[in-house]
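K.L.:
Build me a model from this:
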Amino acid sequence: MGIKSTPINLFVRVNISVFKDQGLLKRLGPQRLQTLMALSFFMNENGYCYPSLNVLGKILGLSSASVSARIRSLVCFQFNGKPIVVVIKGTRNQRGLWQNNQYQILPNSGVAIFGQTTVLGGTETDLTDADKDFINNNY
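P.N.:
The predicted model follows:
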């Protein structure tokens, strides 16, 4: 399975205050930052994303095992005493196959998609219905 092409009008936003002024960029370090950005390419307006380790590996140029280790590091990381990403473990489907893990990039990460604005303690969204439909149908 290949990686889906992304329309050119999709954007990931970072809150400069959180990353620069509050020090998240320095604390994350390059590997966790790169992994957070790769996850964010698949997030919906609520921060949920569920790319496979294989797809993330292709984007990052890493093995699935290396991606898994990076995600563990990101999930264990806390900023201002709170996680910035949580994992929802995949379960077995009716055929006994494992489903992908799902991840949620939390608002205190300072990362948002489309017209979503990160604010301390939550998010505000100005996504259009077309944006929401695209996200729900493609991610």
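K.L.:
Name the residue most distant from the centre of this structure?
P.N.:
The outermost residue of the chain relative to its centre, with distances by CA atoms, centre = their mean, is R95 at 27.9 Å.
K.L.:
Flag the shaky bits of this structure, pLDDT-wise.
P.N.:
1-10, 114-139 (pLDDT under 70).
K.L.:
if we go to 90?
P.N.:
Within the chain, the segments meeting pLDDT under 90 span 1-13, 16, 44-46, 50, 88-101, 112-139.
K.L.:
the longest helix in it is where?
P.N.:
For the chain, the longest helix by residue count, based on DSSP state H, is helix 24-40.
K.L.:
ranges for the strands of the protein?
P.N.:
12-14, 48-49, 78-79, 82-83, 85-88, 102-105, 111-113, 117-119, 122-124 (DSSP state E).
K.L.:
Return the most buried member of those.
P.N.:
Each of these was scored by mean neighbour count; the highest is strand 111-113, a mean of 24, by mean count of other CB atoms under 10 Å. For every residue, glycine as well, the C-beta is placed using N, CA and C.
K.L.:
Can you list the strands that it pairs with?
P.N.:
Sheet pairing of strand 111-113 (DSSP bridges) gives strand 12-14 (antiparallel).
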